[in-house]
Each structure stands twice: as C-alpha cells, then as structure tokens.
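*Asks:* sequence plus predicted model, see below.
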Amino acid sequence: PKLGPMVTRIKSELNDAMEVRMTGLGVVFPEPPKEDKPAKQKKQTAPEAEFIMDISKLDLRVGIITKAWEHEEGDKLFCETIDIGEPSGPRSIASGLRAHYALEDLEGQRVVVLANLKTRKLMGFPSHGMVLCAAEENEGGMVEFVEPPIGAAVGERVMV
C-alpha cells in the first residue's frame with residue numbers, strides 16, 4: 001500500500017528526524033576531503049556535500065500497540081509493546097508522546113513503525129524502533145500518529 005499525499009510533507013521532517021537520530025547513535029556523516037596546499041596559494045573551499053537520505057531504505061511496517069505504560073523516570077516517555085508481525089514477537093519501543101496522548105488512547109492504536117533502526121536506550125529502556133508521527137508546523141502544535149493505509153495488515157511494509 002502507498003501513503004497518501006501527506007508523504008510529501010513528512011519526507012523532509014522524517015529526513016531531519018533520522019539525521020538527528022542517526023547522529024545520536026554515533027553515525028558520522030562524511031565531510032568533504034580537505035586538500036593540503038601550500039600556504040601561498042589561496043584555498044578554494046568546495047561546497048559541503050548535503051546529506052540526502054534514501055527514504056526507500058527505511059523499513060516502515062504496520063503495527064498495533066498491544067500494551068503501553070508510562071516510563072518510570074522519563075516524564076515525556078511512554079513505553080509500548082508493538083506487534084509488527086514478526087515471528088520473534090512484539091517489539092518494545094519508547095516514544096516521547098506523553099504530552100500529546102493519554103495512556104488509555106494508545107492501546108489498540110494502529111501505527112507505522114520505523115523498524116530498521118539500531119536498538120537505542122532511552123532513559124534506560126531499550127527501544128527497538130520508532131513510531132512515526134506528524135506535527136503541525138507551529139511551536140507546540142498537535143502531534144498525531146501517521147496512520148497506516150486502511151486495510152493494511154499488521155507487519156505489512158508501507159512504501160513511500
């Protein structure tokens with residue numbers, strides 16, 4: 001299934017979020033090579049290479065939140081168990097959504113999960129993915145889950 005026209009709007013936000021998340025995981029983005037030239041010559045600086053994410057490499061899966069609870073220490077974090085149709089069972093994922101959702105609104109919610117991220121501990125909780133959300137552009141705007149296509153099965157890959 002393909003997502004609707006909202007994809008265009010979230011592509012750049014997803015690219016920015018992934019770059020921040022990948023930088024936090026220790027991924028170093030390559031810098032342009034430096035040339036050693038004698039001091040007498042003027043140095044010409046090449047324009048920096050812009051990081052462009054190949055969004056087709058993102059493994060976006062349809063999931064359903066089967067269990068959710070508030071993180072013991074993180075006042076912004078929910079911890080969720082999300083079924084994305086894997087034989088190994090549901091994944092544990094942490095998300096900073098406490099300011100935007102009530103706990104009772106999470107269980108049973110269908111979501112899109114970014115499934116091919118390295119495990120990252122958030123306040124000591126190992127998070128095995130990321131729940132995709134979209135936010136209004138203004139500061140403090142409403143945050144909503146990116147909902148999977150209607151009729152998409154749990155575990156099905158979402159193509160952008």
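*Replies:* Structure's in. What do you need?

*Asks:* buried stuff in the longest strand along the chain?
*Replies:* Ranked by residue count under DSSP state E, the longest strand found in the chain is strand 60-70. Buried residues in strand 60-70, defined by neighbour count with 16 or more other CB atoms under 10 Å: L60, R61, V62, G63, I64, I65, A68. C-betas here are computed from N, CA, C, even on glycine.

*Asks:* bridged to the fourth one, which residues?
*Replies:* Applying DSSP bridges to G63 yields these beta-bridge partners: V111.

*Asks:* that one reaches I84, doesn't it?
*Replies:* Yes - with contact defined as CB atoms under 8 Å, G63 reaches I84; the gap is 4.1 Å.

*Asks:* what sits in contact with each of these two?
*Replies:* R91, V113, V154, G155 (CB atoms under 8 Å, 6 or more residues apart in numbering).

*Asks:* any weak-confidence spans in this protein?
*Replies:* 1-49 (pLDDT under 70).

*Asks:* ok, which stretches of it are helices?
*Replies:* For the chain, the helices defined by DSSP state H cover 6-24.

*Asks:* tell me where it has strands.
*Replies:* 60-70, 78-83, 91-95, 110-114, 120-122, 125-127, 130-131, 133-135, 143-145.

*Asks:* now render these as a markdown table, adding distance to E50.
*Replies:* Output for the strands of the chain, formatted as a markdown table (distance: least, CB to CB, whole Å):
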| stretch | distance to E50 |
| --- | --- |
| strand 60-70 | 23 |
| strand 78-83 | 33 |
| strand 91-95 | 29 |
| strand 110-114 | 22 |
| strand 120-122 | 25 |
| strand 125-127 | 28 |
| strand 130-131 | 23 |
| strand 133-135 | 23 |
| strand 143-145 | 27 |
